[in-house]
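> got a sequence here, can you build the structure:
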Amino acid sequence: MKCKVLRCLILLLFICAGVHAQTADTIQVKGLIIVQGKDAKGKRIFKVYNDTAYARTQLKRNLQTRWFVLDLGYNNYIDRSDYNGAAAYALYGSPSDIYYDELNKSYTYSAAGLNTLAPRTGSSPLTPSEFKLIAGKSVNVNIWLFQQRLNIYRHKLNLIYSLGVEMNNYRFARNITYVPGYPTTIMRDTVSFSKNKLFVEYLSVPVMLNFNSNPARPSRAFKMSMGIMGGYLVKARTKQISKERGKVKKVDDFNLNKWRLSITGDVGYGPVKLYGNFALTPLHDYGLEQYPFSVGLRFNGF
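Next up is the predicted model:
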């Protein structure tokens with residue numbers, strides 16, 4: 001029963017992807033030909049071949065489009081925040097004096113700005129470990145609605161551009177809480193969280209210069225792209241789960257940078273691609289000077 005359901009799902013996927021039936025035992029998904037057969041023991045097997053004629057036909061088109069390209073990877077960031085300066089600022093400041101505290105707020109990446117975003121006392125200063133991430137659970141998912149490749153020179157040198165959404169999950173290892181408002185503050189919490197994450201989503205446009213070593217045979221081609229990517233913040237929220245409070249979600253911009261500029265690229269051989277994005281702008285608008293990056297696998301769309 002499970003095998004029948006699986007075959008039906010695969011068939012439905014092929015239909016949605018624009019499958020062309022050749023014979024009862026052969027189907028084609030763009031440049032891939034899938035042939036059903038049997039091995040020496042009579043068991044059903046599938047063999048996959050590349051349709052070089054399809055690839056050569058595609059070479060006649062200077063503009064090619066892929067739909068729904070998917071990235072799956074992990075997030076982290078390079079932290080250049082001035083923690084030592086913030087500790088000194090908290091030690092010699094006067095947090096008990098409300099007027100003095102308001103007068104000395106700063107919205108830069110200085111020690112004063114860090115103390116504004118994440119205020120601490122001199123006896124318990126801010127440390128980098130408070131923003132440590134659980135690397136294996138800080139997941140990056142990007143969905144590119146379309147990706148176009150424009151031929152520049154013999155299909156070996158191309159211009160690639162896309163439009164899509166970047167979805168970044170930052171899973172914190174420590175018990176910190178974003179308190180919305182202006183200014184947003186990040187406090188140490190007394191509750192132990194089983195899940196504590198910040199979700200950030202951007203509408204992004206990457207533009208890359210692409211090299212393809214063998215345009216006529218994509219399955220045996222080395223491919224490399226490099227360029228820049230601009231993004232605009234469209235959504236941000238936190239999610240915390242604990243025994244004391246249950247599930248708590250907060251939606252706000254949390255004083256994150258509205259715009260993001262990144263270096264982006266991918267490299268691969270045949271159908272396998274690795275991608276990487278490295279932000280040139282900090283994640284937050286002030287205080288924390290953290291530069292996010294993400295790496296993972298890229299799956300070609302239809």
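
> poorly predicted segments of this structure, please.
The chain contains residues with pLDDT under 70 at 1-35, 46-59, 93-104.

> the longest strand in it is where?
strand 222-242 (DSSP state E).

> relative to strand 222-242, how tilted is the helix or strand following it?
Following strand 222-242 in sequence order, the next helix or strand is strand 246-251 (DSSP states H and E). Strand 246-251 runs at 120 degrees relative to strand 222-242, counting by axes from the mean of the first three to the mean of the last three CA atoms, to 10 degrees.

> partner strands of the longest strand of the chain and their direction?
Paired neighbours of strand 222-242 in the sheet (DSSP bridges): strand 195-212 (antiparallel), strand 246-251 (antiparallel), strand 259-269 (antiparallel).

> same list, these, but as JSON lines with distance to residue 293 and mean neighbour count please.
Quick note: C-beta positions are derived from backbone N, CA and C, even for glycine. Output for the strands paired with strand 222-242, formatted as JSON lines (distance: least, CB to CB, whole Å; neighbours: other CB atoms under 10 Å):
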{"stretch": "strand 195-212", "distance to residue 293": "13", "mean neighbour count": "19"}
{"stretch": "strand 246-251", "distance to residue 293": "25", "mean neighbour count": "11"}
{"stretch": "strand 259-269", "distance to residue 293": "8", "mean neighbour count": "18"}
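
> mind putting those into JSON lines with distance to residue 118?
As requested, the strands paired with strand 222-242 are exported to JSON lines (distance: least, CB to CB, whole Å):
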{"stretch": "strand 195-212", "distance to residue 118": "13"}
{"stretch": "strand 246-251", "distance to residue 118": "16"}
{"stretch": "strand 259-269", "distance to residue 118": "21"}
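
> what's the closest of these to residue 161?
Across the strands paired with strand 222-242, residue 161 has its closest neighbour in strand 195-212 (4.8 Å, CB to CB).

> can you pull up the bridge partners for the spatially most central residue of the chain?
When CA atoms, centre = their mean is applied to the chain, the residue found nearest the centroid is residue 140 (3.6 Å). Beta-bridge partners for residue 140, by DSSP bridges, are residue 73, residue 168.

> ok, it - contacts?
Counting by CB atoms under 8 Å, 6 or more residues apart in numbering, residue 140 touches 71-75, 166-169, 277, 294, 296.

> make a ChimeraX selection of the buried ones in these.
Only the buried entries of those go into this ChimeraX selection, using 16 or more other CB atoms under 10 Å:
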select :71,73,74,75,166,167,168,169,277,294,296
